[in-house]
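**Q** following is a predicted model, sequence given first.
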Amino acid sequence: MRTLILLGLVCALSAPLAYARAIPDPTQRHAPGNEQAQKEIARAGYSVGVNYQLQCAGCHLGDGTGSAANDTPRMKGFVGNFLKVPGGREFLVRVPGMSQSALNNAQLADLLNWLMRKDGMAGQSVPADYQPYTAEEIAALRASTMLNLPGTRGELIKAMRAKGIAIDDGMNY
Ligand code: HEC
């Protein structure tokens, strides 16, 4: 019993020292050649492809294949189909990965237009009358939250099925 009390006392007394070690060293300097503060991605001026790799590929994978195991649908060869049903155009901007990304409106418009290229990820799924997204359209759409994402997506998929579109989104349902 006595040993336990002593042990508890030692732990309580040494805890502040352990915490102190976790405080960042205030005298620490940047590594040589790395002194400049990082520019946020919305002002960094990266290419569309780099923005995709940095902001989207972690979930959607480099080529847009997605991953059913992580609930991430396939965009490759499929995502353009959303533009063929009412509400789909808005949905593509309101998904959290888009609307809440650190990219600005113009960057998101460029990114979506890049995804929708016939020689890009959406490929043949893009409708022939595709109208490019503008920064203004993105600004308006991303500001209004989608409250029921699975329900909204489910309705859109149903509307695609009704049009005879093959649901090749890799999600197995
Ligand atoms: C944290 C993981 C994650 C990140 C990061 C992410 N997404 Fe997504 N994305 C998803 C998931 C999961 C879905 C399915 C709908 C949902 O649950 O949000 C989705 C859906 C989409 C859709 C609609 C397609 C569909 O079939 O539902 C588009 C378009 C999209 N994402 C684009 C992007 C873009 C562009 C980026 C980068 C700016 C991005 N996403 C970042 C996980 C992510």
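**A** Great, that's in hand.

**Q** what sits against residue 86?
**A** By Cβ atoms under 8 Å, 6 or more residues apart in numbering, the contact set of residue 86 is residue 159. (Each C-beta comes from the backbone N, C-alpha and C, glycine too.)

**Q** can you tell me the element it falls in?
**A** According to DSSP states H and E, residue 86 maps onto no helix or strand at all.

**Q** now it: how far from residue 54?
**A** Going from residue 86 to residue 54 by Cβ to Cβ, to the nearest Å gives 32 Å.

**Q** again, but for residue 109
**A** Counting by Cβ to Cβ, the gap between residue 109 and residue 54 amounts to 17 Å.

**Q** repeat that for residue 91.
**A** Distance of residue 91 to residue 54, given as Cβ to Cβ: 23 Å.

**Q** higher neighbour count, those two?
**A** Comparing residue 91 with residue 54 by neighbour count (other Cβ atoms under 10 Å), the higher total belongs to residue 91, at 19 against 15.

**Q** hang on, residue 77 in a helix?
**A** No - counting by DSSP: H, G, I helix; E, B strand; the rest coil, residue 77 is not part of a helix but coil.

**Q** can you list the residues of this structure near the ligand?
**A** The chain has residues 55-56, 58-60, 71-73, 75, 79, 92, 95-98, 101, 103, 111, 149, 153, 169 near the ligand, with proximity defined as Cβ under 6 Å from any ligand atom.

**Q** I'd like to know which of those residues are buried.
**A** Neighbour counting over those (16 or more other Cβ atoms under 10 Å) leaves 55-56, 60, 72-73, 75, 79, 92, 95, 98, 101, 103, 111, 153, 169 as the buried ones.

**Q** what's the farthest-apart pair in those residues?
**A** Greatest spatial distance among those (Cβ to Cβ): 103 and 169, at 23.3 Å.

**Q** quick revisit: which ones among the residues of the chain next to the ligand map onto helices?
**A** Judged by DSSP state H, the residues of the chain next to the ligand include 55, 58, 59, 60, 92, 96, 97, 98, 111, 149, 153 as members of helices.

**Q** contact partners for the residue most central in space within the chain?
**A** Against the mean C-alpha coordinate of the chain, by Cα atoms, centre = their mean, the closest residue is residue 97 at 3.1 Å. With contact taken as Cβ under 8 Å, 6+ apart, residue 97 is in contact with 55, 56, 59, 60.
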